[in-house]
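okay, predicted coordinates and the sequence, questions at the end:
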Amino acid sequence: METKLQFALEIKSLMKEQSLDKISVSTICKNCGLTRQTFYRNFTDKYDLVNWYFQQLCDKSFLLMGVELNLHDALCEKFKFIENEKVFFSQAFKSDDYNNLIHYDFKMIYRFYEEAIIKQTKKPLTEDLSFLLEMYCRGSIDMTSKWATGYLDLPKEKMVDLLIKSVPEELKKYLIQFHTL
């Protein structure tokens with residue numbers, strides 16, 4: 001964990017000066033004083049490193065969802081992390097690579113919500129619910145990306161409110177207050 005964090009801190013530092021897509025694994029390793037072999041023992045590529053770091057930040061809020069936090073509070077926590085790590089997230093969300101943070105965030109959040117719904121209903125998602133969930137997750141992540149990169153200038157509280165309002169009606173009973181179920 002300590003080695004992974006060292007790589008994460010270095011890539012964050014490099015992202016202050018250049019875009020994620022232009023940062024090389026060799027530069028990350030050189031600046032950390034660690035070998036490429038060590039890097040590749042921990043990550044498949046630099047995007048995997050970014051996604052790992054993102055996961056560490058988001059786990060703090062989303063692991064509490066359903067226990068202590070509702071969707072609104074968990075989203076507030078997520079946006080605080082993004083705001084506190086503005087340079088990192090701005091660069092990470094701008095990446096064009098297929099393994100970028102947008103794709104990773106989608107997979108992570110879709111899976112999280114899907115598991116929450118299955119836990120509540122005790123059955124797999126219907127085709128309709130799966131469609132609505134995918135549409136919501138993709139839209140939510142796209143808007144989050146626009147917010148993080150500065151293309152959408154709204155206070156984080158307004159972003160959270162709008163994301164909550166945009167939950168499709170059929171999903172609201174599963175996502176909005178499921179911590180009380």
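Ah, there it is.

list phi and psi for the residue lying farthest from the centre of the chain.
Residue farthest from the centre of the chain, counting by Cα atoms, centre = their mean, is Gly33 at 28.2 Å. Backbone torsions of Gly33, given as degrees, to the nearest 10, read phi 80, psi 30.

next one: the one 10 residues further on
Reported as degrees, to the nearest 10, the phi and psi values for Phe43 are phi -140, psi 150.

what's around it, how many residues?
Residues near Phe43, counting by other Cβ atoms under 10 Å, number 20. C-betas here are computed from N, CA, C, even on glycine.

and the nearest residue to Lys16 once chain neighbours are set aside, what element?
Nearest residue to Lys16 in three dimensions, chain neighbours excluded: Val87, at 5.3 Å (Cβ to Cβ, 6 or more residues apart in numbering). Here Val87, judged by DSSP states H and E, is contained in helix 86-94.

which other residues reach the next helix or strand after that helix?
Toward the C-terminus, helix 86-94 is succeeded by helix 101-121 as the next helix or strand (DSSP H and E). Helix 101-121 is contacted from outside by 47, 50-51, 54-55, 58, 62, 65-66, 89, 92-93, 95, 124-125, 129-130, 133-134, 137-138, 140-142, 144-145, 171, 174-175, 178, 181, using Cβ atoms under 8 Å, 6 or more residues apart in numbering.

helices - which of those residues land there?
Cross-referencing the contacts of helix 101-121 against helices under DSSP state H gives 47, 50-51, 54-55, 58, 62, 89, 92-93, 129-130, 133-134, 137-138, 140-142, 144-145, 171, 174-175.

only whichever of those residues are buried, select them in PyMOL.
In PyMOL syntax, the buried subset of the ones in helices among the contacts of helix 101-121 is picked out as below (16 or more other Cβ atoms under 10 Å):
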select buried, resi 47+50+51+54+58+62+89+92+93+129+133+137+140+141+144+145+171+174+175
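
can I see the domain layout of this structure?
Domain ranges of the chain: 2-42, 53-180, per automatic domain parsing.

ok, of those domains, where does mean pLDDT dip lowest?
Mean pLDDT per stretch puts domain 53-180 lowest among the domains of the chain, at a mean of 87.
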